[in-house]
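**Student:** My questions concern the predicted model and sequence given below.
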Amino acid sequence: MKSMEASRLTEEGEVKRFIDKLLQASPAAQTEVMVTEWDSALTRFANNGIHQNVAERDVSVRVRVVKDGKTGVASINQMNESAAADVLKRAIAIADLQSKGEVVPMPGPAKSQPVEAWSDATAAATPEERADFVEAICARARRAGLKAFGAFSTGSEQFAIANSLGVYHHHRSTEATINSVVMGEAGSGYADRGAINVQDLDKDEIADEVIDKAQRNQNAQPIEPGVYEVVLEEYAVAEMLEFMSYTGFSALAVEEDRSFMRLGERITGDAITIWDDGLDASGLPAPFDFEGVPKQRVDLIKHGVATGLVYDMMTATQEGRQSTGHGLPAPNTEGPFAVGGMWNFFFIFSIWLFAFQIPIGFFMLKEVMGHKQVARHVLSHAN
């Protein structure tokens with residue numbers, strides 16, 4: 001396919017053959033192989049001009065083995081026969097050196113729901129296209145007597161995971177993200193966007209937002225310390241949700257008694273409903289997690305009441321439950337995670353619906369329904 005050639009990703013059939021050979025060669029009781037390949041490019045700009053364009057193509061092969069009640073993990077960034085033999089040998093050697101301990105169980109086969117997260121336009125995006133987009137922001141800032149800074153990235157990725165119990169999943173995706181800070185003499189503005197299809201990003205819309213904020217923030221005056229009713233921007237709410245996920249939505253956080261979640265109890269105002277749904281096409285969908293478990297919707301808070309948690313294989317096994325498809329690469333100390341690079345958070349304030357897409361280190365909001373200014377007012381009165 002032209003799009004696959006443009007993005008330079010390895011064909012799925014070749015990836016699967018590589019994984020199958022590695023699994024067949026493993027002498028361990030259980031073996032897991034994870035392949036992540038990406039082809040990305042980034043255009044940075046500062047002081048109303050582009051100062052850097054970089055591109056990267058790489059692959060990561062991660063092997064986890066379980067042998068005699070011990071676990072070994074090794075990784076390499078090549079996909080060839082000698083690399084496969086090397087990474088498997090190292091994983092086995094690491095397992096042999098471990099003490100027996102608690103082993104993270106591997107899942108058995110289960111069908112995942114396909115999701116469409118690919119855009120030919122994003123996969124084939126050129127430096128010139130990114131430069132044209134960036135120049136639209138810089139030119140507007142220049143005319144307004146301001147300076148624009150930021151970064152615009154486009155890329156494609158594929159992720160495959162399989163294990164010796166019969167699991168095999170494969171998913172490919174694209175993503176385009178733009179963030180910008182525009183600064184004046186005494187204030188600045190910020191805006192960002194993200195999409196599967198680069199053509200869904202509107203350079204005029206983001207320029208309008210970031211420049212308007214910068215102009216309104218000039219010469220801001222201090223106010224007296226006190227308690228004030230505030231209106232939170234979408235970016236602030238997205239960051240707040242990410243910290244909530246870090247601190248409380250996982251079963252491990254509850255198990256370790258460090259979570260605010262008290263299942264069955266009211267913990268917010270009844271206008272608040274939060275859920276995680278990695279399959280929703282309005283976000284950045286992914287059909288399975290990093291343990292090879294299909295994703296599913298999890299209602300976390302419904303009308304202010306804590307109703308659910310996210311589980312990975314370890315926490316689910318400990319509690320006699322099924323994983324919800326929120327596992328990170330195992331083993332790890334973080335436990336399951338409700339939102340991240342490929343996950344979607346959804347937040348309802350009464351009838352106002354927003355989809356928060358939060359890749360690592362980047363915050364985006366997609367307005368699904370309702371008028372932004374009115375919805376911001378609802379935000380301040382949600383509780």
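**Tutor:** Looks like it came in fine.
**Student:** Which element, helix or strand, includes the spatially closest residue to K302 that is not a sequence neighbour?
**Tutor:** Setting aside the residues directly before and after it, K302 is nearest to T273 in space (C-beta to C-beta, 6 or more residues apart in numbering), at 5.3 Å. Where you see a C-beta, it was placed from the backbone N, CA and C, and this is true even at glycine. Taking DSSP states H and E as the definition, T273 sits inside strand 272-276.
**Student:** got the residue ranges for the strands in the stretch 1-150 of the chain?
**Tutor:** Counting by DSSP state E, counting those that start in this stretch, the stretch 1-150 of the chain has strands at residues 30-46, 49-67, 70-76, 147-163.
**Student:** Turn these into a markdown table, including distance to G187.
**Tutor:** Putting the strands of the stretch 1-150 of the chain into a markdown table (distance: least, C-beta to C-beta, whole Å) gives the following:
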| stretch | distance to G187 |
| --- | --- |
| strand 30-46 | 18 |
| strand 49-67 | 21 |
| strand 70-76 | 45 |
| strand 147-163 | 12 |
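**Student:** Can you tell me which of those strands is most buried?
**Tutor:** Comparing these by mean neighbour count (mean count of other C-beta atoms under 10 Å), strand 147-163 comes out on top with a mean of 23.
**Student:** Now find how far off-centre that strand is within its chain.
**Tutor:** A distance of 10 Å separates the centroid of the chain from that of strand 147-163, by C-alpha atoms, centre = their mean, to the nearest Å.
**Student:** circling back: arrange the strands of the stretch 1-150 of the chain in a markdown table, one row each, with mean pLDDT as further columns.
**Tutor:** Below are the strands of the stretch 1-150 of the chain laid out as a markdown table (pLDDT from 0 to 100):
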| stretch | mean pLDDT |
| --- | --- |
| strand 30-46 | 97 |
| strand 49-67 | 96 |
| strand 70-76 | 97 |
| strand 147-163 | 97 |
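**Student:** Nearest approach to H170 belongs to which of those?
**Tutor:** Of all these, it is strand 147-163 that lies closest to H170, at 4.4 Å by C-beta to C-beta.
**Student:** Okay, angle between that closest one and strand 49-67 too, please.
**Tutor:** Here the directions of strand 147-163 and strand 49-67 differ by 20 degrees (axes from the mean of the first three to the mean of the last three C-alpha atoms, to 10 degrees).
**Student:** Contacts only, for the closest residue to E135 other than its chain neighbours.
**Tutor:** Leaving out its chain neighbours, the residue that sits closest to E135 by C-beta to C-beta, 6+ apart is I50, at 7.9 Å. When contacts are counted by C-beta atoms under 8 Å, 6 or more residues apart in numbering, I50 touches T43, R44, A131, V134, E135.
**Student:** So the first one is in contact with E129, correct?
**Tutor:** No: in terms of C-beta atoms under 8 Å, T43 does not count as a neighbour of E129; the distance is 9.4 Å.
**Student:** that older thread, for D299, which of the strands of the stretch 1-150 of the chain is the nearest?
**Tutor:** Among those, strand 147-163 comes nearest to D299, with 26.0 Å by C-beta to C-beta.
**Student:** Give me the sheet partners of the closest one and which way each runs.
**Tutor:** When sheet partners are counted by DSSP bridges, strand 147-163 sits next to strand 30-46 (antiparallel), strand 168-183 (antiparallel).
**Student:** and those as JSON lines, adding distance to A214?
**Tutor:** Shown next, in JSON lines, are those (distance: least, C-beta to C-beta, whole Å):
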{"stretch": "strand 30-46", "distance to A214": "15"}
{"stretch": "strand 168-183", "distance to A214": "4"}
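**Student:** Give me the phi and psi for F243.
**Tutor:** Dihedral angles of F243 (phi, psi; degrees, to the nearest 10) stand at phi -70, psi -40.
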